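1. missing the sequence, but the structure's below:
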């Protein structure tokens, strides 16, 4: 959740050169699983898509975003394909992965995406 504010600033600054989406996947620290004491985002494992939709809405209410929010299916296909849990940044350019960030939260580096986008923007100008 802490990185969502940084992500929002990035989307605002580079919206003219890139499209952004946020994919909500399975909860990393559900209250009925590997919970973290004091976690501000209290949600249990999603048992159906309605619960995942509600959790995503709560997340966006806590940290609004200016990009589309997509939801991974309950089989976690996107999470598995992109090794996203708990969070990860990707840049897809012309149908290929141009940047694959390290897994968060410790290695989630928004500034590395910003560096790539800045270089890409300068190259286009």
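-> All right, it came through fine. Computed from a predicted structure; not experimentally measured. Numbers count the residues shown, from 1 in each chain.
2. can you pull up the most central residue in this protein?
-> The centre of the chain sits closest to residue 22, judged by C-alpha atoms, centre = their mean, with a distance of 4.5 Å.
3. can you count the residues close to the closest residue to that one other than its chain neighbours?
-> Once flanking residues are discounted, residue 22 sits nearest to residue 69: 5.1 Å by C-beta to C-beta, 6 or more residues apart in numbering. Every C-beta, even on glycine, is put in place using the N, C-alpha and C of the backbone. Residues contacting residue 69 under the criterion other C-beta atoms under 10 Å number 14.
4. surely residue 69 touches residue 55?
-> No - at 10.9 Å, residue 69 does not count as touching residue 55 under the criterion of C-beta atoms under 8 Å.
5. what's near enough to touch residue 25?
-> 72, 76, 78, 79, 84, 85 (C-beta atoms under 8 Å, 6 or more residues apart in numbering).
6. residues contacting the helix or strand of the chain with the lowest mean pLDDT, please?
-> Lowest on mean pLDDT, DSSP states H and E among the helices and strands of the chain sits helix 2-14, with a mean of 86. Applying C-beta under 8 Å, 6+ apart, the external contacts of helix 2-14 come out as 20, 22, 59, 63-67, 87, 104-105, 108, 110, 113-114, 117-118, 121.
7. give the pairing partners of the next helix or strand after that helix; include direction for each.
-> Sequence-wise, the next helix or strand downstream of helix 2-14 (DSSP states H and E) is strand 22-24. Sheet partners assigned to strand 22-24 using DSSP bridges are listed as strand 69-71 (parallel).
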